[in-house]
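**Student:** Need a 3D model of the sequence below.
(chains A, B, C and D)
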2 protein chains.
Amino acid sequence: MKRGIKAPAGRVTMRTIADEAGVTLTTVSRILNHHGDNYAEPTKQKIFRIAERLKYRPNALVRGMQTGKTRTAGVMIPAGKVFYSQLLAGIQEELAENDTIMLLSWNHRTLNQADETLERQIIHQMVDRRVEGILLRPSSEEFDRPYFEEIQERKIPLILVDRQLSRLETDFVGTDDHRGGRQAAEYLVSCGHRRMLFVGNSHLVSSSRLREAGFREVLSESPHASCDSIALAEDSFADQVRQQLQQADPPTAIFCYNDPTARAVAAIVRQAGLSIPHDLSLLGFGNLPAADGSLALTSFDQHPHQLGVAAAKVYFERISSGYPNGYHRVLIPADLVERGSVRAIG
Amino acid sequence: MKRGIKAPAGRVTMRTIADEAGVTLTTVSRILNHHGDNYAEPTKQKIFRIAERLKYRPNALVRGMQTGKTRTAGVMIPAGKVFYSQLLAGIQEELAENDTIMLLSWNHRTLNQADETLERQIIHQMVDRRVEGILLRPSSEEFDRPYFEEIQERKIPLILVDRQLSRLETDFVGTDDHRGGRQAAEYLVSCGHRRMLFVGNSHLVSSSRLREAGFREVLSESPHASCDSIALAEDSFADQVRQQLQQADPPTAIFCYNDPTARAVAAIVRQAGLSIPHDLSLLGFGNLPAADGSLALTSFDQHPHQLGVAAAKVYFERISSGYPNGYHRVLIPADLVERGSVRAIG
DNA sequence: ATGAAAGCGCTAACAT
DNA sequence: ATGTTAGCGCTTTCAT
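**Tutor:** Predicted structure coming up:
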């Protein structure tokens, strides 16, 4: 004749405490949640003592279900790479500060169309667990992907990190890429370079596009400066680089939108028998550590940890209904780190 | 006269679907959870269609509360460092494979006594959210810390990663440190070295102790081989290294229990006017990328990603009541990576 | 200063 | 092939 679900015996709930203390569930709930200002001091003491003795732990699932406040953030970042793991460290630090813990998942770093299902699944895992908001580094400019709509329809705050989506209005925290591009150009020009090459992924990634735009902006204002572009994603990439080098009037400096790209280019350049920085200057972006003994690359530090902290701050501001109108944007400047892959000429 | 808590209007629950379909909650629950084998095909279709149209998403909190199956793992790893972020990547990959998501938190890398409160808090955050198990890299050999008891009292499966706790019986996944130490010694001996120095943290960290033990084991079997030790944690560390170098019969090779230590030693060695590997061979452990242009260090790759995958596999085996008796241990061998900081002599 | 009752969204035991 | 009911562990409203 028994029905329903039986609770495993020996489990300590508020019920247990209430019975033991001879009070109601309500009383226990109010006191343990520090809403018990009206209760008699002895009652409070008693409840706290029993709770401690029994090692009571609240069920955050139930609480979250009822109140909506899960104190859980969804974070979707491919944190296997150094840059992202430091970004994650920043996020983690700020979340912990605010007694919030993250549900972490990973999207792929690749700009792979087929991963749509995966990312959708991840979003669902988070939504189903009632995260209060989501911090997300998009794997590409997939503005049209339906899972973003899902987040927005459910009115879950979404904070984009590192990369923007061109057609999506959201809070954003990232590097000031446009400015970074400008700094790159200013630096190379100040080193005497005029014929430049930009290597990036501007059709796929906002950071590349913005860095290129800033870069070109400065060059267009610099007398005699010129700049070609090569897109990294293309098959003929290596060939295109070689072609550039074999021109009558080859570039004297190459600006790559990130460090891995710069290292790839460096390999091609060296294969072609040129030495860096003597024959050619190379400038990266991101300031990532690389394998031992590889090229000491002049680059820009993006301060990933700081980015993470800033992102989490925006998160809390947003979920506590800060920013009443419009979206919030934070741009962190990148800083030049000279390491010797750029040479002053002429 | 109304009491209780009102559900925000417009929320889609199983109730909504049941009403719309003219069936019971039970029916919806069973069908959506794929326990609906007995239901009529049209009924099933109808429920699925309505659920989809209404974009229904189950409340995982409620489900978890009732069933205990939260499909959530607690992970406590200071993933800001490369090694740990790759370890984390492995864990993440295997968890995702099994439709599980992680609640991630961070303990400090430092062997700091004062962080006890923090780590306790983290454990509570996880326990309260009813994780099914916990994967944890201990910040030191804090076997006596009470929060481990808390985990064990609640019978939450605990899988230790990378570092063991000397007095705690638990599942463990890590590098085969003893064997790694042996490999290090065998390699150096095969290069002709006899007078060695070990630099580590053996009183604090199991990995250091085991590597040292393995190292010494081989040396004790090698004719004419000898080995001194220096403890990294001591203030006079740099002085001790210098003393070693200035001896009448100084070591020809130094084995450091990890790469950062090796780099610290390298700096001291160079300051002393000696060159690596010409005057002195240096061997690290961990194979971590370092800043551009720094010493190309011969080291051992610990395959952190593989460690992560293995750890998560143990996790699933454990939470599905595998390993009925006793604890499970997985040791992954490390592999030598030659990079030129060790020279063959004599 | 405390309690009773209703409700959250769901699962599962016991029906027919 | 479907429904009824009890229950999970809490929070909150209303009442005394």
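
**Student:** Can you show me the strands along the stretch 201-346 of chain A?
**Tutor:** Assigned by DSSP state E, counting those that start in this stretch, the stretch 201-346 of chain A shows strands spanning A:226-231, A:253-256, A:281-283, A:299-301, A:329-332, A:335-337.

**Student:** check whether the second one contacts chain B.
**Tutor:** It stands for strand A:253-256. No - judged by CB under 8 Å from any CB of the partner chain, strand A:253-256 stays clear of chain B, getting no closer than 14.6 Å. In this view, the C-beta of every residue, glycine as well, is placed from N, C-alpha and C.

**Student:** and A:Val199, which of the three is it?
**Tutor:** Following DSSP: H, G, I helix; E, B strand; the rest coil, the label given to A:Val199 is strand.

**Student:** Hmm, it is touching A:Pro251, no?
**Tutor:** No - counting by CB atoms under 8 Å, A:Val199 does not reach A:Pro251; the two are 10.3 Å apart.

**Student:** ok, back up a step: out of the strands of the stretch 201-346 of chain A, which is the most enclosed?
**Tutor:** Greatest average neighbour count among the strands of the stretch 201-346 of chain A goes to strand A:253-256 (a mean of 29), per mean count of other CB atoms under 10 Å in any protein chain shown.

**Student:** coming back round to it: can I get the strands of the stretch 201-346 of chain A in TSV including mean pLDDT?
**Tutor:** Listed next are these as TSV, based on pLDDT from 0 to 100:
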stretch	mean pLDDT
strand A:226-231	94
strand A:253-256	98
strand A:281-283	97
strand A:299-301	98
strand A:329-332	97
strand A:335-337	97
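
**Student:** who wins for proximity to DNA strand D among those?
**Tutor:** strand A:329-332 (31.7 Å; CB to the nearest atom of the strand).

**Student:** how near is A:Ala266 to chain B?
**Tutor:** 12 Å (CB to the nearest CB, to the nearest Å).

**Student:** Phi first, then psi, for the closest residue to that residue other than its chain neighbours.
**Tutor:** Leaving aside its sequence neighbours, A:Ala266 sits nearest to A:Leu295 (CB to CB, 6 or more residues apart in numbering or on different chains; 5.1 Å). As for A:Leu295, its main-chain torsions (degrees, to the nearest 10) stand at phi -50, psi 130.

**Student:** Please say which of A:Val199 and A:Pro251 ends up with more neighbours.
**Tutor:** A:Val199 (27 against 20; other CB atoms under 10 Å in any protein chain shown).

**Student:** What pLDDT does the model give the more buried one?
**Tutor:** A:Val199 is assigned a pLDDT of 97 by the prediction.

**Student:** My read is that A:Glu150 contacts A:Ile123, right?
**Tutor:** Yes - counting by CB under 8 Å, A:Glu150 does reach A:Ile123; the two are 6.1 Å apart.

**Student:** Which one, of the strands of the stretch 201-346 of chain A, ends up nearest to DNA strand C?
**Tutor:** Nearest to DNA strand C, of the strands of the stretch 201-346 of chain A and by CB to the nearest atom of the strand, is strand A:329-332 at 33.6 Å.

**Student:** Just the CA atoms of the closest one, as CSV, please.
**Tutor:** Only the C-alpha atoms of strand A:329-332 are listed here, as CSV (Å, rounded to 0.1, in the frame of the first residue of the first chain):
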residue,chain,number,x,y,z
ARG,A,329,31.1,46.0,-23.5
VAL,A,330,34.5,45.9,-21.9
LEU,A,331,37.6,46.1,-24.0
ILE,A,332,41.0,45.4,-22.5
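
**Student:** Listing partners with orientation, what would you give for it?
**Tutor:** Strand A:329-332 has the following strand partners under DSSP bridges: strand A:171-175 (parallel).

**Student:** so where's the stretch 1-150 of chain A uncertain?
**Tutor:** Scanning the stretch 1-150 of chain A with the threshold set as pLDDT under 70 gives A:1, A:109-115, A:140-146.

**Student:** rerun that using 90 as the cut-off
**Tutor:** For the stretch 1-150 of chain A, applying pLDDT under 90 flags the ranges A:1-10, A:34-38, A:80-81, A:106-121, A:138-150.

**Student:** now the helices for it?
**Tutor:** A:14-21, A:25-32, A:41-53, A:60-67, A:82-97, A:116-128, A:146-153 (DSSP state H, counting those that start in this stretch).
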